[in-house]
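> sequence first, then the predicted structure:
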Amino acid sequence: MSALKNFRGHSPVLQRLCYSDWGLDPAHDIWPLRAVSARLARAISARQYWPSIMPQLHFIAGHQVSQAQEASWLQIRLEAAAGEGEIIAEALAHAGALSVTLEDAADNPVLEPLPGEAPLWPHTAVIGLFEADTDMQPVLASVGKALARATPPRAHITTLRSEDWESVWKNDFGARRFGNRLWVCPHGENAPVPDAVIVHLDPGLAFGTGNHPSTALCLEWLDGHCQHGDRIIDYGCGSGILAIAALRLGAARAWAVDIDAQAVLATMNNARDNDVAGCTWAGTPQHLTTALAGENATCLLANILARPLIDLAPRFAELLPTGARIAVAGILQEQIDEVSAALAPWFELTEPRIQENWALLHGQRR
């Protein structure tokens, strides 16, 4: 079985991805290729991760790629009919793909699957990454055989060439300001202004770096509303960015909540990186009441989606005393009225904030 081998002695950043952001078990020396390679594919094709993992990509599939092969890769993209996505992905993996990625081929986003679920889109693109000298005809034949077809789906094959990964990555994810004081910066980079409040955060699997408009709205709101000594609940914490930002802005305590254990791990890792782990609790919703231990939060942020915000409105009311502040996001502009109506029995809301058709609602507990 293909695997990522001899891992512990290599990139600390890649180790942190697997241990914390991706939730893989650090007790093992070998992980199945499928557990790692799809994430590494993003580092090559979507460039989601930072450049220090690029030198480690030659350990994919348990063998070292030659310097000549590092110069480029072959990428094959096939559009799958309903029910064919996983079959094609398995066929590409068995044919020697270094990684396989599944993407939305139309415009049917799966916005929030539950942990452990991996629903596919009605129209799925399956993308395989191969070494540059791979003969693609046998690969296509394997796909056709797996689908029991005389001919495989139409394929688009391109060459991905090496780039200056550090420059590309910095263009995609660099230091950004939110409001007047708050900056989110990759590790190793600082804000270009004095007296900035900095959160250091690298892109990872858990949601939240500030690039999405709803996260940006929350960070800008925090910059203007977070008060010294605040006690913050970050409900649906993802990477923990909102809890960490609040603490860096002067909050005294943060409780970060997520239904996904991977997000809990990523939050605590990011809190340690920003020297706020001592005043951060991260866990699942069922443990929050115990963690609060009778303390009253002064502010709750929830950057999730409209439907869970509507369902959680009574719970948010239970968690906040009169006068406490609330800010919720992940709401499309056309969903403002519905979410506002769900919160209205308990919260006095002010004018929504809008960015690129995403909205943030904010106000106080009645």
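That came through, no problem.
> hey, let's count contacts and neighbours off CA atoms from now on
Noted.
> what is the mean pLDDT for stretch 333-353?
Averaged across stretch 333-353, the pLDDT comes to 97.
> quick one: end-to-end length of it, please.
10 Å (C-alpha to C-alpha, to the nearest Å).
> check the gap between Gly283 and Leu160 for me.
40 Å.
> tell me which of these two has more neighbours.
Legend: neighbour count by other C-alpha atoms under 10 Å for Gly283 and Leu160, higher for Gly283 (21 against 16).
> is it true that the more buried one touches Val264?
Yes: with contact defined as C-alpha atoms under 8 Å, Gly283 and Val264 form a contacting pair (5.7 Å).
> Ala256: which element?
For Ala256, the host element (DSSP states H and E) is strand 253-257.
> CA atoms of that strand as CSV?
Taking C-alpha atoms only, strand 253-257 is exported to CSV below (Å, rounded to 0.1, in the frame of the first residue of the first chain):
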residue,chain,number,x,y,z
ARG,A,253,-10.7,34.4,28.6
ALA,A,254,-12.0,32.5,25.6
TRP,A,255,-14.0,29.4,25.2
ALA,A,256,-13.8,28.0,21.7
VAL,A,257,-16.4,25.5,20.6
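> the very next helix or strand once past that strand: how far from the chain's middle?
Per DSSP H and E, strand 253-257 leads on to helix 261-273 as the next helix or strand towards the C-terminus. From the chain centre to the centre of helix 261-273 is a distance of 12 Å (C-alpha atoms, centre = their mean, to the nearest Å).
> where are the low-confidence patches of the protein?
Residue ranges of the chain with pLDDT under 70: 1-71, 106-120, 122, 162-173, 203-209.
> any idea where the helices of it begin and end?
12-16, 33-41, 67-70, 85-94, 136-146, 165-172, 213-225, 241-248, 261-273, 288-292, 306-319, 336-343 (DSSP state H).
> dump those to TSV, plus mean neighbour count.
What follows is those, written out as TSV (neighbours: other C-alpha atoms under 10 Å):
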stretch	mean neighbour count
helix 12-16	17
helix 33-41	20
helix 67-70	12
helix 85-94	20
helix 136-146	17
helix 165-172	13
helix 213-225	21
helix 241-248	28
helix 261-273	23
helix 288-292	14
helix 306-319	16
helix 336-343	17
